[in-house]
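Colleague: 3D model of this:
(2 chains)
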Amino acid sequence: MTDMNKQTINFTLNGKPVSAEIEIHWTLVDLLQRGFDLYGARQSCGQGLCGCCTVVFNDKPVSGCLTLAALVDGGTISTIENGEEELDPVQEAFIEAGAFQCGFCTPGFVLMTRELIAQNPDPSEEDIRVFLTGNLCRCGTYPQIIEAVKTAAARMRTTAHVPV
Amino acid sequence: MNDQAIQSQAVGASHPRREARQKVTGRVEYIHNLRLPNMLYGKICRSTVAHAKIVSIDTSEAEAYPGVELVLTGEDIRKVMPDPYFGVMFHDQPVLALDKVRYVGEPVAIVLSKDSNIADDACAMIDVQYEELEPVFDELEALGASTFVHEELKPGIPEISFLKGVRDTNVGFPYQLRHGNDVDAAFEAAEHVFEHEFRTHPSAHVPLEPPVTVAEPTGEGLTIHTANQSPSFVSYEISRLLGWPQSKVRTRVPFLGGGFGAKLWIRLEALVAAAALLAKRPVKVSLSMEEQFYTITKHGATLKIKSGVDKDGKIIARKCNVFWNGGAYADIGPAVAFHAGMTAAGPYDIADVAIDSLSVYTNRPVAGAMRGFGHPQLIWAYENHTDMMAHELGIDPLEFRRRNILREGAEHATGTKLNTSAVEQVLERVAAGVDWGKPFDKGEGTIKRGRGFAIGIKASIAPSTSEAIVRISSDGSATLYCSSVDMGQGSDTAHAQIVAEVLDIPVERVHVVHPDTDVTPYDTGTLGSRSLYHMGNAARLAALDAKDKLDQLAKEVGAAEPGSNVPIWEIFARKNGMPVGNVVGTASFTPPGHVPPDPMTGQSPDITPYWMFGGTAAEVEIDTETGRVTIVKLVNVADAGKLINPKIVEHQISGASIMQLGQTMQEKVHFDFGQVTNASFADYKIPSMLDIPEIVNDLLDSEEAEGPFGAKGAGETGSFCVSSAVANAVFDAVGVRVHEMPITGETVYRALREAANDPLGED
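Modeller: Take a look at the predicted model:
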């Protein structure tokens, strides 16, 4: 008997084709954690309000806690773990500015910053605040994050680095 | 003066956090990520009523649900913990409710399953029948109520054994301080007497990694992998509950996704330990964001303060009555009442002081420690009060504080002399931060502008102990073993810098072992800004001890003659025949000289190893048509002694002020008959990037005599004064005084209407 609660999906994960047997109620965070031992996308608020579970789905950042795993079938997923061997200018700028304390929100901020700079290579401080307002940091490192985003954007403009 | 010479560049430089790379790549270790073979997930069934006798618990439907392995209630816990009540001060909190529930959200049962969704579903199938009792929610009502949250007080530590057997009260702990002569007589003699009352409401810590614990039976013992700020206490308390030797309960803590006091003492550990032992399998419980609101809050409080002032504007007497809403179980609440009570009269030189600070039980979720340990609430009261008096006396608030501030060598209300002039410097620099005394644009039309400032004092925790081990390997690299928890404050980095400095090696050559009670020695806990001073000293002394032992070894093998440059590996090779081996240094640091305060008067000649000070100034803009307050600028002044890592210190101060800004402006846990009604980030708004003003952090150039390389703790101090600085700035802008936090647009608008003799109705 086929288990109605289960489904097999195929998708591209961090550049590699993969398949997974999922339960239909799983979220994208469940899929990454239970299926692939990837913990960089973290469920925190569970309502898509904090940004800790940010994952790039078909080139757009989404809340992994609100995206059903079944929807990923046939798509492309990129997580913070993608290309982790080499730090990109955003990650380097976050380290230099001290743009995190506990680090729980950091993957979400890094992924959203990449998206911001891709859309707007020279964001003003106001642009940064508005774009990143859906990511929360309880340690309160916002001033350092703003500084890191500015630094990363400036460097990427001069080196024409293409964001991942 | 501090005579510890700084030789290498390890101390004093802003090294990036050691784990920075793992954090930006999402690979850092949290218990959140931990999954063990054969592990079960636990979901907690919680009380739906605030105060009731449990008539029956029917778990049969949940037990029969496919995929459920085990359902446990309070009585089941007794099979492994005969007296299943835990607590750091009182043994009053049941692992799962027994006989009675005392707040909405109290754990009543736990369901275990291999699938967390199944456990969640089955929780809803547990049928609990209650016989409701009269609840009490307000801290003042609880004082005179005929309903009692606990039938009898259950003190758990010797220091409070005098409370044993006390019945029919909701006062958990009464702290009192009496300094100088009778305050009431002094009020009679005073030229002016001022009396004000303030309130603060419970807020929530909500670290983005909610509390999470995994317990793993290991055959002869138990390993607890947990997101906890006090690993040594976890092993102590769980072994006490189980009746086991402490050595059989191993507590292991990697990085925390935020703590702020939410992860102190016992949160989930007792429940998960019992569940794992009963299931004979590893068990994990991860709280949801919603559950955090039922698990731990910051104290709401009512604060009454009365001062007598002489004709020269000198405060001569002060009386403080503070009532802390501690919720249903004591947790560390009595220590908040005690510790914050100590400095309730503020950083002022007042001859006659009387303080009564009571922790009060109510039928609300437990209140515990949170970033500042009660001081942000107290400073909210006394720094509003200070400005209000200055205004009524017609004295400039800065001048009024200058006349009354504690100066170096003066006796604080606790009887301990102030050994530093830092508080005066904080006052002057915080006022300068908003150009106090210089012209200021007060705004026009419906937009008014104002500025204000506040200063605060806190004693460090005493007595407390930190132990450390430093091992030097044959290649000269070093390993530090300590139980300090790095929850984002950067303790791993700072402690490694201290060890590197002593051993004169690069910081990268020091490895820091995370808390693991199998190998890391005792520490009181990562709390109260104590780690850098206490563990910093222990790490320094352990490194010195290791260095001495290496020197001794060099002598033994003839490698110590003057000018000798025999490398470390060769010293070991001469001793062991091969270039292998270790020397191990140890240290235990308890600041010497502490004298416990007299229980009746609170007096002690040595109540704290060091004093902590904070100051904040704020500039605000207010729309008088809506009451909306916009924070334009915050200036934080902090005294961290010598800075081990200047950037990390600055970011701690900044982060603490942002957290307190949230609690000042927007955060409040709302209740409806004991039920939290805004237990989510949709309804409980923490600050986002759009809420952040310009922030300036100004660190004093000072040094702490007995601190490691002149350093001391300061992490909490950025939280102390934000609320009162904002309130004073609001008054400066529009001339109304807000007596309750948070300072929302509605609060200010109501106050404006009231001041215009046109008060707004309740709806």
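Colleague: hey, let's count contacts and neighbours off CA atoms from now on
Modeller: Noted.
Colleague: ok, now which ones touch whatever residue of chain B ends up closest to chain A?
Modeller: Of all residues in chain B, B:Gly488 sits closest to chain A, at 3.6 Å by CA to the nearest CA. Shown in contact with B:Gly488 (CA atoms under 8 Å, 6 or more residues apart in numbering or on different chains): A:100-103, A:139, B:255-258.
Colleague: A:Gly62 touches A:Leu49, doesn't it?
Modeller: Just so we're on the same page, residue A:62 is Val rather than Gly. No: taking CA atoms under 8 Å as the definition, A:Val62 is not a contact partner of A:Leu49, at 11.1 Å.
Colleague: so the residue of chain B closest to chain A lies in a strand, does it not?
Modeller: No: with DSSP: H, G, I helix; E, B strand; the rest coil as the criterion, B:Gly488 is assigned coil and is not in a strand.
Colleague: now the strands for the stretch 651-763 of chain B?
Modeller: Assigned by DSSP state E, counting those that start in this stretch, the strands in the stretch 651-763 of chain B fall at B:671-672, B:675-676, B:694-699.
Colleague: mean neighbour count, mean pLDDT and distance to B:Gln663 for these - can I get that in a markdown table?
Modeller: Putting these into a markdown table (neighbours: other CA atoms under 10 Å in any protein chain shown; pLDDT from 0 to 100; distance: least, CA to CA, whole Å) gives the following:
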| stretch | mean neighbour count | mean pLDDT | distance to B:Gln663 |
| --- | --- | --- | --- |
| strand B:671-672 | 11 | 98 | 16 |
| strand B:675-676 | 19 | 98 | 17 |
| strand B:694-699 | 18 | 98 | 17 |
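Colleague: what would those look like in TSV with distance to B:Pro506?
Modeller: Below are the strands of the stretch 651-763 of chain B laid out as TSV (distance: least, CA to CA, whole Å):
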stretch	distance to B:Pro506
strand B:671-672	53
strand B:675-676	51
strand B:694-699	26
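Colleague: could you chop the chain up by domain?
Modeller: As the question left the chain open, I've gone with chain A. Structural domains assigned to chain A are A:6-78, A:89-159, following automatic domain parsing.
Colleague: sorry, I should have been clearer: chain B.
Modeller: Taken from automatic domain parsing, chain B resolves into B:20-28+B:464-589, B:34-133+B:208-258+B:262-295, B:297-461+B:597-755.
Colleague: pretty sure B:Trp265 sits against B:Asn228.
Modeller: Yes: judged on CA under 8 Å, B:Trp265 makes contact with B:Asn228 at a distance of 7.3 Å.
Colleague: the two: which is more packed in?
Modeller: The residue with more neighbours, out of B:Trp265 and B:Asn228, is B:Asn228; 35 against 25, by other CA atoms under 10 Å in any protein chain shown.
Colleague: dihedrals phi and psi, the residue nearest to the more buried one when sequence neighbours are not counted?
Modeller: Spatial nearest neighbour of B:Asn228, chain neighbours left out: B:Lys263 (4.8 Å); criterion: CA to CA, 6 or more residues apart in numbering or on different chains. With angles defined as degrees, to the nearest 10, B:Lys263 sits at phi -110, psi 30.
Colleague: what's next to the lengthiest helix in chain A, contact-wise?
Modeller: In chain A, with assignment by DSSP state H, the single longest helix is helix A:142-159. With CA under 8 Å, 6+ apart as the test, helix A:142-159 has contacts from A:89-90, A:92-94, A:96-100, A:113, A:117, A:121-123, A:125, A:128-129, A:162, B:688-689, B:692, B:695.
Colleague: of those, buried ones?
Modeller: Buried residues within those, counting neighbours by 16 or more other CA atoms under 10 Å in any protein chain shown: A:89-90, A:92-94, A:96-100, A:113, A:117, A:121-123, A:128-129, B:688-689, B:692, B:695.
Colleague: out of the residues you listed, which are inside strands?
Modeller: Judged by DSSP state E, strands contain the following of those: B:Ile695.
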